[in-house]
Structure formats: C-alpha cells, structure tokens
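Participant: Quick one, structure for this:
(2 chains)
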Amino acid sequence: MNRFAVIWRKEVVDALRDKRSLMMLAVFVFIYPLIMWASLNNIISKSTKADRETNEVVVIGAAHAPTLMQQLKQQSITVVERDDMDEAAITALLRERKHAAVIRIPETFLAKYQELRPSPIELWSDSAADQRAKLERVQLVLRNYGNSIAQARLLAHGVSPAVLAPVPIQEYDTATSASRSGKFIGAIFGIFFVATFYFCLNLAIDTTAGERERKSLEILLAQPVKPLELIAGKWLAGALICGVGLSLELIVGHFVLTSMPLEEISLSWRLGLPSLLLLIATSIPLCLFASAFEIALAMNSKSFKEAQTAVSFALLLPLIPVIVVPMLDLNTQSWMYAIPVLAEQTLMLELAKGNSVAPLAFATTMGVSLTLALLCVGFASWKLKSERFVLGV
Amino acid sequence: MIKVDNLHKAFGNVQALNGASFSAADGQIVGLLGPNGAGKTTALRVLFGLLARDSGTVSIDGIDPATDPIAARRQMGILTDQVGLYERMTSREHLRYFGELHGMKRSEIDAGTTDVVELLGMTDIIDRRAAGFSQGQRLKVALARALLHKPRNLLLDEPTRGLDVMSTRALRRALHSLRERGCCIIMATHVMQEVTHLCDDVIVIAQGKSVAQGSPQALCAQTGISNLEDAFVSLLGTEEGIAA
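Facilitator: Now for the predicted structure:
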C-alpha cells in the first residue's frame, strides 16, 4: 500500500475513535439545521398567527362615531366597547397585550364634527408590545376614515376629491418569493460553510500539534516516509472528515428546508437533489482547503491547547466574508466566486433562487480553494523538512 | 555497519557536534556513552537523516542518510528518547502502522508481530489500547516497533529505562539474539552496568567529540582504572562531566 494511504487510513481510524472529533462532527451536522429550523419556524408561526388572530381594539365612546366602528368591523377588527378610563387604566389595559390599541373618542367629537372643526380622536398604544402589524391596520382604518370625511366635504363644496391625492402612489414589489428566499437562506448557508472549518479542526490539531505533544512526531519523522506523503495522508484524512460532515449537514439542511411550509412566509427552497449533489461536489475543494489550512497552522504549535488558540483566531477569517459581504448588500458579482466560503455561499444563494450558474463560477469556486489547499500542503511539507521544526519535536 | 567520520554540526553559536568519529560493526552491541548535552541525540538524529550535518561523512550500510534518508531509514530500527504512542490504538495496531510505513506486507507484519511479542514478553498488552500503559509497557511497544521490520542496524536511546527486572532481562536476551543474527546495535545509555553486561564496544563522547572507542576492558586498560564508571569519568577529564 502507498505510504500516504497508510497514514491516511490510520488518521481516519484514529479520528473515528476520538470522542472529541465525533462530538464536533455530530454537533455541527445538526446544530445549524436546528438553528435554521428554529428561526424559520419562529417566523412562520408568527406570520400565520397574525392572520388567524383576531385584532381587537378597545373603543371608548364608540357611540360618537358609528361610521368608524363600521369601517373597523369591515377590516375584521373587533371593537370592544368600554366606559371612559384614565391614563393609568389604559396603560394597564395595554400592558396585558390582549388589545393592539385603545381608541378614545371624546364626547365633543360629534359637535366639532358637525361644525366642520378638527375633531381629534385619541389612539393609545404600547410600542414596547410586539403588536405593530395590528396597530398599523388600525391606523390605516383611521386614516381612511379621515380621508373619506375630507372627500365628502370637498365634494359638498363642488371640489373633486382627486385634489386630495395629486400623486397617487402605486407600489410594486419586484422581489419574487424565490429571490427573497435566496437572500435569506443564502445568509444562513454562509454559516453552513463556515462549519467546514470545524469538522476537521480536531483532526488537524491532533495529527500535528497533538502528535508533537505526545512525543510521537520524532519517531514518525524517522520512518522511511517523505514529508509530502506524511502531510498528504493527514491532509486527506482531515478533508474526508470535512467532506462527510459538510455533506451530512447540507443533506440534513435540505430536508429541513423542504419539509417546512416555507410558502407561508412567501419563501421557497428550489434546490433539487441534483443541484444539491452538485453543490456538495463543488464544496469538496473547500474541505481540502480547510484541512490543509488548519494543518499548516496547527503544526507550528507545541501543544494541543496552543494550536487550538491559534486556529480559533484564524477561524474568524472565514466569518468575515460571510458576515461583512451580506451587510454591504451587493448583487452577485464574479469576484465573489474567488473567495472561499463566500464563493460557496454565493453559489448556494443563486441555486436557491432558482437561477442558473455559469460554469466559470463553478470552476473559480473550486479552483481557488484547490490552489490555496495545495499551497498550504506545500508549505506544511516544506516546513516539516526544516531544521528548526525538527529541533522543536 | 555504521560509520561516522569527523562529524560537525552547529546550531547558531552552539557547536553540538565537533568532530565526532566512530564506527559500529555488524554483530556488535556498541554503547554510546557521554554526559548530558554531549551530542548523543544530535548524533543519532544525523544518523537517521532528520538533521543535516555541517561537515563529515556518515554511512549506514554504505548509504548516506543526507542524500537518501528513506533508504537509510529502511536499514534502521530506531528507539528515540521520547516514547510517543497513540492512545487510541492497540499495540498490535501500532506495529501494523509502522510495519506498513516500512513497506512490509501484511503476512510479514503478522509474523514479525508474533516474533517481537515473544521476544519482549508483551502478550498481555498486544491487544490493549495504549491509554493507561505504564512507562515500561510503553517502552516495550516502542522497542517492538523498532525491531518489527528486522532492521540491520538498531539505534536505541536508553532502551532499558523504566523496565522492570524481568523486562530488562528479556531485552538483554533480545539484543543478544539480534547480535547473533548480525545486527549492528548502537545504544546510548547512562547505565554502566548495561555497558559492562551488554556492550562489545564503547564510544565515549563529550562536548560533541568522540573521546575514545574500545571494549570496556580496553577502556579500563587505557586509563589504568579497573572500574568502568571511574574510567569513563577519567576519559571525560572532569568530574562535572557526568553531573552536568
């Protein structure tokens, strides 16, 4: 058997016996899909609840404005009539959060209305309560009520109601449900790809700094094995664990997304199984890069702990594109495919939107990660030969 | 057969090896004696091609480890001063891993394993994982992995440390039988008793230089002192040498 394959097999077997490695794998395979499920579920249940729930407002002095009451009912807002209350009583009532708002119509309302003078209506709400959607509907009804009175009065004076609305705004939302979901799910999947770096973290450290810490590195270096074979075996063992972890995570994520009633929040997950497999295949170079990068970094440390600290700091790097770039709110641009993690995230985003992706984008994504991986492997095996490294074992 | 001539190696300002010359013939056990920091570990690391020498020549069965470290290492069985084992692997798996790294076939590894297990008396630990092994048990596994591929040359750094009396005896028997098979064995040690019992030849090295080489009897005769330990100290030329 090839020597690098001997090392590869030993490291894989060793990692599979390591509870820490397996824990890491299990946690990251399930934790992100779980977080995603929880956050999406939260949004879905909220939006469906808003539809089902009755919108109740308390009205004081309802008898003074019967037309308003009718318009509220037409918008399926339930009116609960009450006697007059003071401010403290209204505050206490709103704090119960059963009602979105309290409308108080003063006794003088009708008299002022008939004299064509401004006739105020009080709208009480608690902005700390999470009732904005309901409150906005009440406000809309109140605004329309005022407008309809103005229109009627203008008409009585022979003026066209069109005067009141010289520039009617017609709103259009061009986001299709698929492109909206692309942005949202793309952001979540960016974090998915960051997990790549955690799958092989333990293996990368254990087979380099760990090997040095348990004093087995010198005897290993003294075997008839070339430094490149040694690094390649460890590197591909890490990449395998990474690949398995990432595939499982994406598959679990895929099933979570397809099983959820995403249409309730006008989102969609348009990734078919072939696209999913394509995405997993495209992510393999990222696994190779993650493993190589961590090995090249961890081999410089004297102990497991030291390596853990160094690598943890370095792992903030892949977070930058994933967090900063979505904040910039850019459109998909070709340079994004040249940055590992961001590239995979962008690809996933485009595929989730149902867009087709140019072959060049796939090639760039894979090529950049693969090149970086090979550079890291080259560096690591060069380092393994250096005298300074040997003296440190 | 190991030959070293006028070996020099410096780390910055520190001259670790400063003209070490010695040879170890096939079928001989050669003791490498020297105070701490004399350059023993550096010399061994140059021999198995981990460190490059500044000047001098090295030959392992005619192979220079600087030009072909892989071929040189195939001829060698190595026990370093640090016994590093993989906690989650059994002794048998250790042997299999290192046997495969030496390019041995599965059947050769199995046969070799049976041999060394018997030679070192490690039946009780062969299928146990290394976590929780005692110092002596760890050393046995390390020795077994050095012997498995039946190397022509053995480089052993303090092979008896941590071994109980029975295991030390087993090791001695093993070394004797390897010598009979024509192995060339170099062992660095601090135990004078081992040297007297085991070694055909002794190399004394101090401050990176080989001070003397000869049989224990010859060294005693050379210094005119009958006790090997006193002869050793006398060869170093200073009392501090051994205490340092």
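
Participant: Quick check, central residue of chain B?
Facilitator: The C-alpha lying nearest the average C-alpha coordinate of chain B belongs to B:Leu156 (C-alpha atoms, centre = their mean; 1.7 Å).

Participant: Contact partners for that residue?
Facilitator: By C-beta atoms under 8 Å, 6 or more residues apart in numbering or on different chains, the contact set of B:Leu156 is B:Ile78, B:Leu79, B:Leu143, B:Ala146, B:Ile185, B:Ile186, B:Met187, B:Ala188. Placement of C-beta: from N, CA and C, glycine included.

Participant: What residues does chain B have near chain A?
Facilitator: Within chain B, the positions adjacent to chain A are B:11, B:45, B:48-52, B:69-71, B:73-74, B:76, B:78, B:80, B:82-89, B:97-98, B:100-103, B:142, B:145 by C-beta under 8 Å from any C-beta of the partner chain.

Participant: Quick check on these: which are buried?
Facilitator: Listed as buried from the residues of chain B next to chain A are B:45, B:48-51, B:69-71, B:73-74, B:76, B:78, B:80, B:83-86, B:88-89, B:97-98, B:100-103, B:142, B:145; burial here means 16 or more other C-beta atoms under 10 Å in any protein chain shown.

Participant: Count the residues that sit near the residue of the stretch 251-393 of chain A found nearest chain B.
Facilitator: With C-beta to the nearest C-beta as the measure, A:Val390 is the residue of the stretch 251-393 of chain A nearest to chain B, at 5.0 Å. With neighbours defined by other C-beta atoms under 10 Å in any protein chain shown, the count for A:Val390 comes to 17.

Participant: what is the mean pLDDT for the helix or strand where B:Thr113 lies?
Facilitator: Assigned by DSSP states H and E, B:Thr113 belongs to helix B:106-120. For helix B:106-120, mean pLDDT rounds to 93.

Participant: after that helix, next one along is what?
Facilitator: Assigned by DSSP H and E, the successor of helix B:106-120 is helix B:135-147.

Participant: Show me which positions of that next one end up buried.
Facilitator: By neighbour count on 16+ other C-beta under 10 Å, the buried set for helix B:135-147 is B:Gly136, B:Gln137, B:Arg138, B:Leu139, B:Lys140, B:Val141, B:Ala142, B:Leu143, B:Ala144, B:Arg145, B:Ala146, B:Leu147.

Participant: so what does it touch, helix or strand wise?
Facilitator: When contacts are defined as 3 or more C-beta pairs under 8 Å, 6 or more residues apart in numbering or on different chains; DSSP states H and E, helix B:135-147 packs onto strand B:76-79, helix B:91-101, helix B:106-120, strand B:153-157, helix B:165-180.

Participant: roughly how far is the longest one from the heart of the chain?
Facilitator: Remark: helix B:165-180 is offset 14 Å from the chain centroid, using C-alpha atoms, centre = their mean, to the nearest Å.

Participant: That helix packs against which elements?
Facilitator: Applying 3+ C-beta pairs under 8 Å, 6+ apart, one finds that helix B:165-180 contacts strand B:28-33, helix B:106-120, helix B:135-147, strand B:184-188, helix B:192-198.

Participant: Just the residues contacting the helix or strand just after the last one, thanks.
Facilitator: This means helix B:192-198. Downstream of helix B:192-198, the first helix or strand assigned by DSSP H and E is strand B:201-206. Contact with strand B:201-206 is made by B:20, B:22, B:24-25, B:28-35, B:38-40, B:43, B:186, B:195, B:210-216, B:219, B:232, B:235-237, B:241, as judged by C-beta under 8 Å, 6+ apart.

Participant: how far is the helix or strand where B:Ala218 lies from where the chain is centred?
Facilitator: Per DSSP H and E, B:Ala218 falls inside helix B:216-223. How far helix B:216-223 lies from its chain's middle: 23 Å, per C-alpha atoms, centre = their mean.

Participant: Also stretch A:31-44?
Facilitator: 9 Å.

Participant: Report the buried residues of it.
Facilitator: Using 16+ other C-beta under 10 Å as the test for burial, stretch A:31-44 gives A:Tyr32, A:Pro33, A:Met36, A:Trp37, A:Leu40, A:Ile44.

Participant: Would you mind giving both backbone torsions of the first one?
Facilitator: The reference is to A:Tyr32. Backbone torsions of A:Tyr32, given as degrees, to the nearest 10, read phi -70, psi -50.

Participant: what are the ranges of the strands in chain A?
Facilitator: A:55-60, A:77-82, A:101-104, A:122-124 (DSSP state E).

Participant: Those: which one's closest to B:Glu108?
Facilitator: strand A:55-60 (82.4 Å; C-beta to C-beta).

Participant: what packs against that closest one?
Facilitator: Here strand A:55-60 touches helix A:66-74, strand A:77-82, strand A:101-104, helix A:132-156, going by 3+ C-beta pairs under 8 Å, 6+ apart.

Participant: Please identify the most buried of the ones you listed.
Facilitator: By mean neighbour count, with neighbours taken as mean count of other C-beta atoms under 10 Å in any protein chain shown, strand A:101-104 ranks first of the helices and strands packed on strand A:55-60 at a mean of 23.

Participant: and it, how far out from the chain's middle?
Facilitator: On the basis of C-alpha atoms, centre = their mean, strand A:101-104 sits 37 Å off its chain's mean C-alpha point.

Participant: how close does B:Gln213 sit to chain A?
Facilitator: Computed as C-beta to the nearest C-beta, to the nearest Å, the B:Gln213 to chain A distance reads 25 Å.

Participant: mind listing what B:Val191 touches?
Facilitator: Here B:Val191 is in contact with B:Thr160 (C-beta under 8 Å, 6+ apart).

Participant: Kindly report the same for B:Val116.
Facilitator: B:Leu95, B:Met122, B:Leu143, B:Ala144, B:Leu147, B:Leu148.

Participant: cutoff 10 Å now
Facilitator: B:91, B:95, B:122, B:126, B:140-141, B:143-148, B:150, B:174 (C-beta atoms under 10 Å, 6 or more residues apart in numbering or on different chains).

Participant: ok, now A:Phe199?
Facilitator: A:Phe199 makes contacts with A:21, A:24-25, A:28-29, A:238-246, A:248-249, A:287, A:290-291, as judged by C-beta under 10 Å, 6+ apart.

Participant: rewinding a little: kindly give a single PyMOL line that selects the buried subset of the contacts of strand B:201-206.
Facilitator: A single PyMOL command selects the buried members of the contacts of strand B:201-206 (16+ other C-beta under 10 Å):
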select buried, chain B and resi 20+22+24+28+29+30+31+32+33+34+35+38+39+40+43+186+195+210+211+212+213+216+219+232+235+236+241
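
Participant: Which part of chain B gets nearest to chain A, residue-wise?
Facilitator: B:Gly84 (2.7 Å).

Participant: Please look at that residue and A:Ile219 and confirm they touch.
Facilitator: Yes. Using C-beta atoms under 10 Å, B:Gly84 makes contact with A:Ile219 at a distance of 6.0 Å.

Participant: what's the distance between the closest residue to chain B within the stretch 51-200 of chain A and A:Ser303?
Facilitator: Going by C-beta to the nearest C-beta, chain B is nearest to A:Cys200 of the stretch 51-200 of chain A, at 17.0 Å. For A:Cys200, the distance to A:Ser303 equals 19 Å [C-beta to C-beta, to the nearest Å].

Participant: of those two, who's got more company?
Facilitator: Per other C-beta under 10 Å, whichever of A:Cys200 and A:Ser303 has more neighbours is A:Cys200, with 32 against 14.

Participant: ok, now which ones touch residue 155?
Facilitator: Just so you know, I chose chain A. Counting by C-beta under 10 Å, 6+ apart, A:Leu155 touches A:Pro161.

Participant: actually it's chain B I care about, not the one you picked
Facilitator: With contact set as C-beta under 10 Å, 6+ apart, B:Leu155 has these partners: A:222, B:2, B:24, B:32, B:43-45, B:47-48, B:60, B:76-80, B:146, B:184-188.
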